[in-house]
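Novice: pasting the sequence and the predicted coordinates here, then a few questions.
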There are 2 protein chains.
Amino acid sequence: MADKKMVEAITSMNEDFAQWYTDVVKKAELCDYTSVKGCMVIRPAGFAIWERLRNELDKRFKETGVQNVYLPMFIPESLLQKEKDHVEGFAPEVAWVTEGGQQPLTDRLCVRPTSETLFCDYYKNTVHSYRDLPQVCNQWCSVVRWEKETRPFLRSREFLWQEGHTAHATAEEAEERTVQMLNVYADFLEEFCAIPVIKGRKTDKEKFAGAESTYTVEALMHDGKALQSGTSHNFGDGFARAFGIQYADKDNHLSYVHQTSWGVTTRLIGAIIMVHGDDSGLVLPPKVAPVQICIVPIQQKKKGVLEKAAELKESLGKQFRVKLDDTDKTPGFKFAEQEMRGIPLRIEIGPRDIENGKCVVVRRDNGEKEEVSLAGLEARIGEILEQMQKDMYDSAKARRDSQTYEASDYEEFKNIFAEKTGFVKALWCGDRACEDKIKEELAVTSRCMPLENADVTEGSCVCCGRPAKKMVYWGKAY
Amino acid sequence: MADKKMVEAITSMNEDFAQWYTDVVKKAELCDYTSVKGCMVIRPAGFAIWERLRNELDKRFKETGVQNVYLPMFIPESLLQKEKDHVEGFAPEVAWVTEGGQQPLTDRLCVRPTSETLFCDYYKNTVHSYRDLPQVCNQWCSVVRWEKETRPFLRSREFLWQEGHTAHATAEEAEERTVQMLNVYADFLEEFCAIPVIKGRKTDKEKFAGAESTYTVEALMHDGKALQSGTSHNFGDGFARAFGIQYADKDNHLSYVHQTSWGVTTRLIGAIIMVHGDDSGLVLPPKVAPVQICIVPIQQKKKGVLEKAAELKESLGKQFRVKLDDTDKTPGFKFAEQEMRGIPLRIEIGPRDIENGKCVVVRRDNGEKEEVSLAGLEARIGEILEQMQKDMYDSAKARRDSQTYEASDYEEFKNIFAEKTGFVKALWCGDRACEDKIKEELAVTSRCMPLENADVTEGSCVCCGRPAKKMVYWGKAY
C-alpha cells in the first residue's frame, strides 16, 4: 500500500484539475518557480523527460534529412520588422536588450520569440543556386515570449523548443515538407508519448503570424481541454520576398524560395502529465520514462534481500532503465514516491519471494499486480512494458473519443459546452465573424479543420446557419 | 590529386595563421557571421562536430552522477549583485534586458554570462538537509558576454557551453569534485579530441571571479599560442554565505554548503581546428568526425562503379559514419572538399579497383595511401582509424613538447618570447607584481601551475629573482 500521507499531498483531479496539475509538477519534482518572474527551472526529473523526447524526435528528424544548426538568440529590431504580419504578431510580447557592455545599443535587440527572420537572413547568404536547395535545418534552443500569466511547462516567459526551418525550390516541395513534419509529430506523439492526436489545419484566424497555412496536432487533456501539441507552417514565398531569398535554377532564371517552419516545445511534458496522470501523480509511458522500473526491496534488512535486489537491477539494467530504491524509507513511502514520479513498473522483492524464486511486478497505469518467476523475468517485463505502452494509448484514445461530441446547430453547440468540456465537431461557413462570436460568447476556439474530410458540400454552419464549407474541431484550449 | 583551385582558396598557415583559421572556418562551412554583430551561426558541419563533443562529454558526465537541468537565461540585477567578486568580474560585459511585453522592467535582467547566481538561488530552495546533498547538476545552454573583438568559436558575444554546478556537505568533497571534473575534461580532450593538455591551477590573478581556486586544462595551438580549453572552479562556501545556502546535518546542526562549477564551450571546436588543421583545411580525429569516411567513385559513369560504391557505403555504414559523394563534380574537386572538411578517410574506387577486388584508402592526417582488399575492408578500416586517432595525438604532443621551453632568468625568458611562441616553464615567486610586469612587457600570461610538482623550494623567480614558490607554464593566449 502506498503511503497515505504522500498520496494525500496532492489534490484530486476531479476536485480541482489545475491544482492537481500544479501539485504533480511540484511533487514529482519536474520543475519549480524561480526568482525570475515567469521563468522556471526544469529539475533533473523533468529534464530527463525532455531529453528522452528530444533524442527520439531528433532521431526521427534526422531520418528525414534534417541537419541541426545554431543561430543567435538576438534579433536586431530592423531585421524583425522586415515581414509585416510576423512583426505584428510577435512585437507585443518580446523582451528587448537595450544595453550591452555598458553601452546603449543603437539598434536594439529582441530576444528571439522564434527565428524565422534569422533563418531568412542566413538563407539569403547561403542559398544562391538550385544546388543549394533544399535547406532543411533545425535548432534546439530556448525562446522568450513575455506572457502575463504563466503555468509550468504550458506557458512561461522562456521555454525550450525545437524550430525547424526549411527552404525549397517549389511550392509543392514546401507543402510536402510541411505535411511530412506534421506527420512526424503525430507519429511521435502517438507511438512514443501514447497521446492520440487530431491532425488538421488551422483557420486563418488561428494560423501563425506570417504563414500561408498552419497545420497542427491537437490533443485532449484529462479535463477535456485541448492542447495544441505541435505546429507546422507553410510560408509560401512571403518571407523570401520580404528578405530577398532567390536562387538561380538550371537555366539561370531567378526564383524565390518557398519556406516552412515547424516546432514543438516543453509543453509536451505538460501534455504527458495531463493525458496520463492520475490522483497518485505522474504516469509515464514506458517509452518516455527515464526510469522504467523501480525495484523496492521488502524487509531489506533480512539477509540476502538487498543482494538479490541489486542482482536484479544489474541483470534488468542491461535491457531496461532501472533504479533500485535501497534507502532507509519504508516500503509504503517508496511505493508512493515511485507512483508520484510515474515510474511505469515497480518490482517488489522480499525474503519469501526470493525463497519461491519470484517477485511481484506492479503496473503504474492500472495497478495490476503479477507474480513473475525470476527465471523468465526479463522477457516478461518486456511484454508487460509493451502492453502498458499500448494500453495507455488505447485508454487515452477511448477517453478522447468519449469526450468528442457533435453539434448541428448553435443551441446544441452551446448546451454541450455548458455541461461538458471536450472536442465538438461542427460545421462552419468559413466566415471569421462566426469564429469571433463563438470565442466571445463561449470562450471556445476552432482547434483545427481535420486533414481528412474537412471539405463539406452539405449542411449548415453551426453558428450562423449559412451553407457550411468546413468541418471543424472546436474546443476550450490551454 | 586535390583540386588546386579549391586548395589555393585558403591562406597557408605559416604565412598568416589568423587568416588561415578564418579561411578554414569559412571554407569547411563550420560557421559564419550574421547580421547580429559579434554573434555567429553554427552551420550544419560545425554543429555536427559540437553534437559529437556534447554527446561524448554528456555520457562521461553522467557516468560520474551528473544530472542535467535547465535554468532561466535571465538574471535579475538584484540577484547578480549578491556575490561581490562575481558581479565585479561580470557586470562590465553583460547585456541588459530593460523592457518586456511593451513595459519597462523595474528590476532589469541581464542575459546570463554564467549561472552561479541562479544555481545558488535554486539550491537555496532545494537543499535543506544532508539528505539533499550532494547536488550535481549541469546544463547545456548558451551564454552572452559582450566582447569587443570576436573570432569564430574562440570569442563571440553568444556562445554555447555546458556549465556544471555542484553543492556538497564538506570542503573536501567539493575539492574532490573540482579535480574529478578537471580530469574528465583532460581525458576527454586527450582520448577523444586527440589534444594533449597541461592540467594545472590558475594563479589568483587569473582565477574565476568569485572562486577560491580555478583549475584549467591548457592546450597549445599550431602557432604556439595557448588555449584555455576547460576550467573547473572550487568556490568553497563563499557563494553559500552570500546566498544563505545551509543544510542541517544528522545532528540538526546548520552548515553552509561547498560549491563547484566547471565548463567547456564551443571554443573546443576552435582548438580542434588549430591543433590538427593543415594547409588543405580541417583535419578531424576519427572519434570526433561526424563523417569518418568519404567514398569517391572514380570514372563513376562506367558500369558498376556507382553500384559498388553504394554497396561499400551500405556495408561500411553499419560500423562507421560514411558518406558517398556521387555528385557530378570531378574526383579532384571531391578530394579537395573532403580534405577541406577534414573527413578522416577517403576511399577511392574505380573500374580497375573493382576488377582487382580492391580500393584505395587515403588518410587525411598524413596523406598515406593504401590499397586494401575489399574482402577485409571493414577490419582494416577499423585498424586505420584507430591508428590515425593515436597518431594524431602523438603528433600533436610531439609538436607541443617541441614548443615547450624553459627559462631561468628574465633575459632568457624575454629572448624566448622574442623569437618563438609556445609554453615557457619558469619559476615564480608568487607575487602578482611579477605577473603584471610580464603581461605588460611581453603580453605573456601565467597559463597554470601544473598539478604535479608545482611547489618548489629551490630556485628563483624568473622575473624578480627572489626565492621561487611555484613552477608556472607561461604563454601567449587566445
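Specialist: Yes, it's here.

Novice: any idea which element the residue of chain A most remote from its centre lies in?
Specialist: In chain A, counting by CA atoms, centre = their mean, A:Lys303 sits farthest out from the average C-alpha position, at 46.1 Å. Element membership of A:Lys303, judged by DSSP states H and E, is empty: it is in no helix or strand.

Novice: which helix or strand contains the most centrally placed residue in chain A?
Specialist: Centroid-nearest residue in chain A, with CA atoms, centre = their mean: A:Leu268, separated by 2.2 Å. Here A:Leu268 sits within helix A:267-276, counting by DSSP H and E.

Novice: check what contacts that helix and list those residues.
Specialist: A:21, A:24-25, A:30, A:46, A:49-50, A:53, A:151-155, A:159, A:189, A:193-195, A:219-223, A:227, A:229-230, A:282-285, A:288, A:342, A:365, A:392, A:396, A:478 (CB atoms under 8 Å, 6 or more residues apart in numbering or on different chains). C-beta here means a position set from N, CA and C on the backbone, and glycine is covered the same way.

Novice: okay, the residue farthest from the centre of chain A: pLDDT?
Specialist: If you check A:Lys303, the pLDDT there is 94.

Novice: dihedrals phi and psi, it?
Specialist: phi -60, psi 130 (degrees, to the nearest 10).

Novice: what about it, distance to A:Asp328?
Specialist: 17 Å (CB to CB, to the nearest Å).

Novice: A:Ile349 too?
Specialist: 17 Å.

Novice: of these two, who's got more company?
Specialist: A:Ile349 (24 against 7; other CB atoms under 10 Å in any protein chain shown).

Novice: quick one: which helix or strand includes the residue nearest to that one when sequence neighbours are not counted?
Specialist: Distance criterion CB to CB, 6 or more residues apart in numbering or on different chains; nearest residue to A:Ile349, sequence neighbours excluded, is A:Cys359 at 4.3 Å. Using DSSP H and E, A:Cys359 falls within strand A:358-363.

Novice: name the helices or strands packed onto that strand?
Specialist: Contacts defined by 3 or more CB pairs under 8 Å, 6 or more residues apart in numbering or on different chains; DSSP states H and E place strand A:358-363 against strand A:345-349, strand A:369-373, helix A:377-402.

Novice: now do the contacts for A:Lys26.
Specialist: A:Asp32.

Novice: helix or strand for it, which one?
Specialist: Using DSSP H and E, A:Lys26 falls in helix A:17-27.

Novice: after that helix, which helix or strand is next?
Specialist: Next along the chain from helix A:17-27, counting by DSSP H and E, comes strand A:31-33.

Novice: in that next one, what counts as buried?
Specialist: Within strand A:31-33, the residues scored as buried using 16 or more other CB atoms under 10 Å in any protein chain shown are A:Cys31, A:Asp32.

Novice: before we move on, what about stretch A:132-148?
Specialist: Buried residues in stretch A:132-148 (16+ other CB under 10 Å): A:133-147.

Novice: do that stretch and chain B come into contact?
Specialist: Yes: contact of stretch A:132-148 with chain B (CB under 8 Å from any CB of the partner chain) involves A:Cys137, A:Cys141, A:Ser142, A:Val144, A:Trp146, A:Glu147, A:Lys148.

Novice: out of these, which is nearest to chain B?
Specialist: A:Trp146 (3.3 Å; CB to the nearest CB).

Novice: surely the closest one touches A:Arg157?
Specialist: Yes: A:Trp146 lies in contact with A:Arg157 (CB atoms under 8 Å); the separation is 5.9 Å.

Novice: follow-up on the earlier one: the inter-axis angle of the strand holding A:Cys359 versus helix A:377-402?
Specialist: 20 degrees (axes from the mean of the first three to the mean of the last three CA atoms, to 10 degrees).
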